[in-house]
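Asks: Predicted structure and sequence below. I'll ask about it afterward.
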Amino acid sequence: MAEIALRHRFPDGGFSLDVAFSAPAQGVTALFGPSGCGKSTVLAAVAGLLRPQQGRVVLGGATVLDTRAGIDLPPERRRCGVVFQDARLFPHLSVETNLRYGLRRAPRDAQGPGFAEVVDLLGIGHLLDRRPARLSGGERQRVALGRALLSRPHILLMDEPLAALDAARRTEVLPFLARLRDAARLPILYVTHALEEVDALADHLVLLESGRVLAEGPVGALAARTDLPLAARRDAGVLLDCIVSGATEGGLTRLDFPGGALLTTLHPGPAGTRLRVRVRARDVAVAVEEPRGLSTQNILKGIVADIQPAAEGPEVFLRLAVGRSDLLARITRDSVERLSLHPGMAIWALVKAVTFDHRTVAEGAPLHPTAAGGSDALPDS
């Protein structure tokens, strides 16, 4: 586990940072929030590129920073593998030599994946003889990931590694990031302001605002909270951990989740594929009687668990218990009054099969009630 506690105020009354959180020993901990909230500052302090005025950082059981005890290891001794927005490869070296530079930085007794394993994991075997100038942006980032992993770090630090890529290249790299997360078996601290990357990759989420931690916990649990800024987004909703169970005669795909199933027009993979689906609250309608004669494919019986006001306007969030899972529905206060909705009331949740927008799938990723390793996200809107 990585333990991070930092306090720092920039000169002239500028930005101040005051955060404390832990990152699980394996998987992706996403630092998420708007630009300027302190995400990259945290990463710089962990890597040793910024010395905070007060702080303590423990990585892999080793204290690399403790301002009270006078401990401040230099960056090269912290064993952090860092991947930036720009790949920062050596332009005069081949892909293979760039990768082997990472190996040369690894301590002799350090354990980790070998050269061939990393090359296969990231699908870059055909690129080994090329130089960075002959690579696409997505390929360069995959090589940068490989170089960082071959340095056998205690932790991987990724500072918006997809921000400089266009949509096609991001789609290309995301599955490799998911494979890396599952194979590396070490903590990954991942900075992003893109919710689709959080959905696709994160196991743990640290929500930042103005240099402070608003909330942290399993990504699924935070996604479902209506008291956080995430709920103000138009793509607010829950994350469901699903398994593809097969196709219907009508060409739709059935996705099983704890307590129910969804039909979708997408084809994310063969039966057994694990993935995460974001069900947006604005895409969920409710009925107080079992609907008939509708085009909507997904009609899920549930119970109103809670009614909470939305951040602003004449809207509310309904928390709906569907089997062992929760859905959120964003509806008007008028609808609540007209339908006499109240906690404990039986309802039917309606979700169109064309709602889901498949992003990426992580094969073999673990599924748990609030966080899964697979991924499927809806676009920001």
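Replies: Cool, the structure landed.

Asks: Would you confirm that Thr63 contacts Gly70?
Replies: No. The criterion here is C-beta atoms under 8 Å, and Thr63 misses it with Gly70 at 11.0 Å. C-beta here means a position set from N, CA and C on the backbone, and glycine is covered the same way.

Asks: out of the two, which sits in the more crowded spot?
Replies: When Thr63 and Gly70 are compared for neighbours, Thr63 comes out ahead with 13 against 6, by other C-beta atoms under 10 Å.

Asks: Point me to the helix or strand that includes that one.
Replies: strand 62-66 (DSSP states H and E).

Asks: C-alpha coordinates for that strand, CSV please?
Replies: Provided in CSV are the C-alpha atoms of strand 62-66 (Å, rounded to 0.1, in the frame of the first residue of the first chain):
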residue,chain,number,x,y,z
ALA,A,62,9.7,2.1,2.5
THR,A,63,9.5,5.7,3.7
VAL,A,64,10.7,7.9,0.9
LEU,A,65,9.6,11.3,2.4
ASP,A,66,9.1,12.3,6.0
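
Asks: so what strands line up beside that strand?
Replies: For strand 62-66, the paired strands and their directions (DSSP bridges) are strand 54-59 (antiparallel), strand 71-72 (antiparallel).

Asks: Enumerate the positions of the helix or strand following the shortest one that are buried.
Replies: Downstream of strand 71-72, the first helix or strand assigned by DSSP H and E is strand 80-83. Taking 16 or more other C-beta atoms under 10 Å as the neighbour-count basis, strand 80-83 is seen to contain the buried residues 80-83.

Asks: Stretch 174-192 now?
Replies: Applying 16+ other C-beta under 10 Å to stretch 174-192 flags 174-184, 186-192 as buried.

Asks: Stretch 331-348 now?
Replies: In stretch 331-348, counting by 16+ other C-beta under 10 Å, buried: 331, 335-336, 339, 341, 345, 347-348.

Asks: Same check on stretch 54-66?
Replies: 55-59, 64-66.

Asks: ditto for stretch 156-175
Replies: Per 16+ other C-beta under 10 Å, stretch 156-175 contains these buried residues: 156-162, 165, 169-175.

Asks: Not including adjacent chain positions, what is the nearest residue to Ser16?
Replies: Arg9 (4.2 Å; C-beta to C-beta, 6 or more residues apart in numbering).

Asks: and the gap between that neighbour and Phe15?
Replies: Going from Arg9 to Phe15 by C-beta to C-beta, to the nearest Å gives 8 Å.

Asks: Pull the contacting residues for the residue nearest to Gln54 when sequence neighbours are not counted.
Replies: Nearest in space to Gln54, with sequence neighbours left out and distances taken as C-beta to C-beta, 6+ apart, is Arg7 at 4.1 Å. Contact analysis of Arg7 by C-beta atoms under 8 Å, 6 or more residues apart in numbering lists 16-18, 52-55.

Asks: do that again at 10 Å, thanks
Replies: For Arg7, the contacting residues are 16-20, 45, 52-56, 67, 211, by C-beta atoms under 10 Å, 6 or more residues apart in numbering.

Asks: name the element it belongs to?
Replies: Counting by DSSP H and E, Arg7 is part of strand 2-9.

Asks: Just after that strand, pick out the following helix or strand.
Replies: Immediately after strand 2-9, counting by DSSP H and E, sits strand 16-23.

Asks: What is that following strand packed up against?
Replies: strand 2-9, strand 27-32, helix 39-47, strand 54-59, strand 187-192, strand 204-209, strand 212-218 (3 or more C-beta pairs under 10 Å, 6 or more residues apart in numbering; DSSP states H and E).
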